[in-house]
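> only the shape, not the letters, is given here:
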């Protein structure tokens, strides 16, 4: 079931974000992601519209919208490949007429996932925080 995020979800959401970020972005390194946990807790999650996928009273994944930006889509690494990400993506698409996102160019699995969901690449930029190249992608705009 997908539902609106509640403050009580924060620890599970942060655990998923951290473990999935480390797995998907090994080219950045785990220390960077660990250093960003408090910003996620105190700045990014509160500023976003966040929705969670809950199964058996556990959060399996989540996504964040910030305006028309899909700021995050993360699924617990142990549950990836089971359709949770697609369910989250479909829910996000139903809430906006236009979606944009950025994704590291070295993150081929995520790029393929977004392409399968209809996103197209608009160009490339450098992420200011990591110095890594990333693609800007959009859907419906």
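Received, thanks. Every value quoted in this text rests on a predicted model; they were computed, and no experiment measured them. Numbers count the residues shown, from 1 in each chain.
> quick one: residue 34 and residue 18 touch, right?
Yes: the criterion here is CB atoms under 8 Å, and residue 34 meets it with residue 18 at 6.9 Å. C-beta coordinates here come from the backbone N, C-alpha and C atoms, glycine included.
> hmm, what's the outermost residue in this protein?
Each residue of the chain has a distance to the centre, and by CA atoms, centre = their mean the biggest one is for residue 56: 21.6 Å.
> give me the pLDDT value at it.
Per-residue confidence at residue 56 stands at 89 (pLDDT).
> hmm, back to that, the more surrounded of residue 34 and residue 18?
Remark: of residue 34 and residue 18, residue 18 carries more neighbours, 17 against 12, as counted by other CB atoms under 10 Å.
> my guess is that one contacts residue 39. True?
No: Residue 18 is beyond contact range of residue 39, at 11.9 Å (criterion: CB under 8 Å).
> on contacts alone, who are the packing partners of the longest strand seen in the chain?
Taking DSSP state E as the criterion, the chain has its longest strand at strand 58-66. Applying 3 or more CB pairs under 8 Å, 6 or more residues apart in numbering; DSSP states H and E, one finds that strand 58-66 contacts helix 10-24, strand 49-55, strand 69-75, helix 84-95.
> chain center to that strand: distance?
Offset of strand 58-66 from its chain centre (CA atoms, centre = their mean, to the nearest Å): 7 Å.
> pairing partners for that strand, with directions?
Taking DSSP bridges as the criterion, strand 58-66 forms sheet pairs with strand 49-55 (antiparallel), strand 69-75 (antiparallel).
> who's in contact with the first one?
Spelled out, that is strand 49-55. For strand 49-55, contacts defined as CB atoms under 8 Å, 6 or more residues apart in numbering pick out 1-5, 9, 12-13, 59-66, 75, 84, 87-88, 91-92, 95.
> residue 84 is in contact with residue 113, correct?
No: look at residue 113 against residue 84 with CB under 8 Å: they stay out of range, at 11.6 Å.
> sec struct for residue 135, please.
Of the three states, residue 135 takes strand according to DSSP: H, G, I helix; E, B strand; the rest coil.
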